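# Predicted model follows, preceded by the sequence.
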Amino acid sequence: MKQTIGAIVVLLFCACTGGSGHRVIFHLTGALQRQFVIERVGLNDEKPVTLDSGAGRRPRDSFVYHLPLMEPTIYQIRFRGKSFQLPFIYDSSDIDVFYNYTTGEYHFTNSPVSEEWRQFQLEQMRIARREKQVSGRSDSGRLLQDSLLRESYRRNFNFADTVRNPALFLLAYNLVDFGADYKGLGQFMQKVGGRFPAHAGVQTLVKNTLEYVRIFSSPLKVGDMLPALVLPDSDGRNVAIAPVRGKYTLIDFWSSWCEQCRIFSGAKKEAWRRADTGRFAIISIAIDGQKEAWKAVIRFERYPWPQVIDEKMWGGEAARAFHFDSIPYNFLIGPDGRIVAKGIPADSLVGVIRTVIAQH
């Protein structure tokens, strides 16, 4: 349903309470000449804002930053050329963040909420390592693996359901996955709205998620008309997603970060090669917040059909218009603009397309 955050999280939170600002001292070890930036990460489709930057000058270095006063807000320290971003939750007026660039270890002083998150993540990583160790060894090993996975999911939910800091909830929420249980997700978010009534970011998330639940609780059906949608291509030109005159059109949803989508790429190319292109067309829609990564993939793959992108991902118009909640996903549209088939698996794609075209 939504992308989750892994063992090392990309977010850094600030929960500010008074005065003219808040000070953070960033103690950095083993990062000589390593550059980093501090960003305020936007909630609810807002763009990130770079607030400051720095670079290690000595084997051990310290940097002092003053963060503005606002409600609990997401921040991020991001190192250039490294996927790791350092998380912390700003819950006091003056905290210290310690990070060893070489080992990846970090800790905090005067920030109990940050330590609460760090300890939770360490325990989740311990469970993940144990789950990996027993994976596929035997029937009993598989049973233990399933038990560990259930424990990890349960801990994610319980943590998000009980935290008292709204910024920490926003972080923990990314680990909770209700799958297709839209009713359960809706009930959970209504409860969250009552827990944090004064936090604008949480309230916006609750509103957007309840709208999401309403949309995806009523999926499009075979026979429905293709919804209207306009999205930009790689050059920024708007492209109308519409049936092609006299052709069956595969509307394909994917992302550069989705491994299963890349596996599906071969099936799409095979369908394009084997189908009668005089009666068949493809339009690919990326649900992707990483525009440059998307451009790199389409350059590498050299797809001969149109490529467009919805950078707002699950909060964007594509998911809202087509009512799908996972990728890869697809709809086969007839020349009359009605849905002929949907959710076609990769190993059935060529056969379904050829059969449909042959029958009409």
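Received, thanks.
# Give me the domain ranges for this protein.
12-111, 139-216, 230-359 (automatic domain parsing).
# Format those as TSV; extra columns: distance to Glu123 and mean pLDDT.
C-beta here means a position set from N, CA and C on the backbone, and glycine is covered the same way. Shown next, in TSV, are the domains of the chain (distance: least, CB to CB, whole Å; pLDDT from 0 to 100):
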stretch	distance to Glu123	mean pLDDT
domain 12-111	15	82
domain 139-216	7	90
domain 230-359	26	92
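# nearest to Gln124, of the ones you listed?
For these, distance to Gln124 was read as CB to CB. The smallest value, 6.1 Å, belongs to domain 139-216.
# Relative to the whole chain's centre, how far out is that closest one?
14 Å (CA atoms, centre = their mean, to the nearest Å).
# So Gly236, which state does it fall into?
Classification of Gly236 by DSSP: H, G, I helix; E, B strand; the rest coil places it in coil.
# I'd like to know how far it sits from Ala319.
Look at Gly236 and Ala319: by CB to CB, to the nearest Å, they are 21 Å apart.
# circling back to that earlier point, for the domains of the chain, give me a markdown table that also has distance to Phe120 and mean neighbour count.
Shown next, in a markdown table, are those (distance: least, CB to CB, whole Å; neighbours: other CB atoms under 10 Å):
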| stretch | distance to Phe120 | mean neighbour count |
| --- | --- | --- |
| domain 12-111 | 11 | 17 |
| domain 139-216 | 6 | 16 |
| domain 230-359 | 24 | 17 |
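# got the ones you listed as TSV, with distance to Ile127 columns?
Below are those laid out as TSV (distance: least, CB to CB, whole Å):
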stretch	distance to Ile127
domain 12-111	19
domain 139-216	5
domain 230-359	22
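# out of those, which comes closest to Lys132?
Nearest to Lys132 among the domains of the chain is domain 139-216; the distance by CB to CB comes to 8.7 Å.
# The domains of the chain: which one's closest to Gln133?
That would be, of the domains of the chain and by CB to CB, domain 139-216, which comes in at 8.8 Å.
# can I assume Arg34 is in contact with Ser53?
No - Arg34 is beyond contact range of Ser53, at 11.5 Å (criterion: CB atoms under 8 Å).
# tell me the contacts of Gln203?
By CB atoms under 8 Å, 6 or more residues apart in numbering, the residues touching Gln203 are 193, 196-197.
# and it, how far is that from Thr209?
Applying CB to CB to Gln203 and Thr209 gives a distance of 11 Å.
# Leu210: what secondary structure?
Under three-state DSSP, Leu210 falls in the helix class.
# from memory it sits against Gln190, does it?
Yes - using CB under 8 Å, Leu210 is in contact with Gln190, at 7.3 Å.
# Show me what the helix or strand encompassing Phe300 is packed against.
Phe300 belongs to helix 291-301 when elements are defined using DSSP states H and E. Secondary-structure packing of helix 291-301 (3 or more CB pairs under 8 Å, 6 or more residues apart in numbering; DSSP states H and E): helix 259-274, strand 307-310.
# Inside strands: which ones of the contacts of Gln203?
Using DSSP state E, the subset of the contacts of Gln203 located in strands is empty.
# for those residues, which one is nearest Gln260?
Gly193 (33.2 Å).
# Ignoring the adjacent residues along the chain, who's closest to the closest one?
In space, and not counting its chain neighbours, Gly193 is closest to Val206: 4.2 Å by CB to CB, 6 or more residues apart in numbering.
# how far away is that neighbour from Tyr65?
Distance from Val206 to Tyr65, by CB to CB: 31 Å.
# and the helix holding Phe300, how far from the chain's centre?
The answer for helix 291-301 is 18 Å, by CA atoms, centre = their mean.
# Please apply the same query to stretch 224-234.
Put simply, stretch 224-234 sits 22 Å off its chain's centre (CA atoms, centre = their mean).
# before we move on, what about stretch 208-224?
For stretch 208-224, the distance to the chain centre is 19 Å (CA atoms, centre = their mean).
# what's the answer for stretch 299-315, then?
Mean C-alpha position of stretch 299-315 versus that of the full chain (CA atoms, centre = their mean) differs by 16 Å.
# For that stretch, measure first residue to last.
End-to-end distance of stretch 299-315: 26 Å, with CA to CA, to the nearest Å as the criterion.
# now swap in stretch 165-185 and tell me
Taking CA to CA as the measure, stretch 165-185 stretches 20 Å from start to finish.
# go on, stretch 84-101?
10 Å.
# now that stretch, how far from the centre of its chain.
23 Å.
# same question, stretch 253-260
Taking CA atoms, centre = their mean, the mean C-alpha location of stretch 253-260 is offset from the chain mean by 11 Å.
# Show me what that stretch is in contact with.
For stretch 253-260, contacts defined as CB under 8 Å, 6+ apart pick out 3, 261, 264-265, 284-288, 290, 293-294, 296-297, 313, 318, 322, 324, 327-330.
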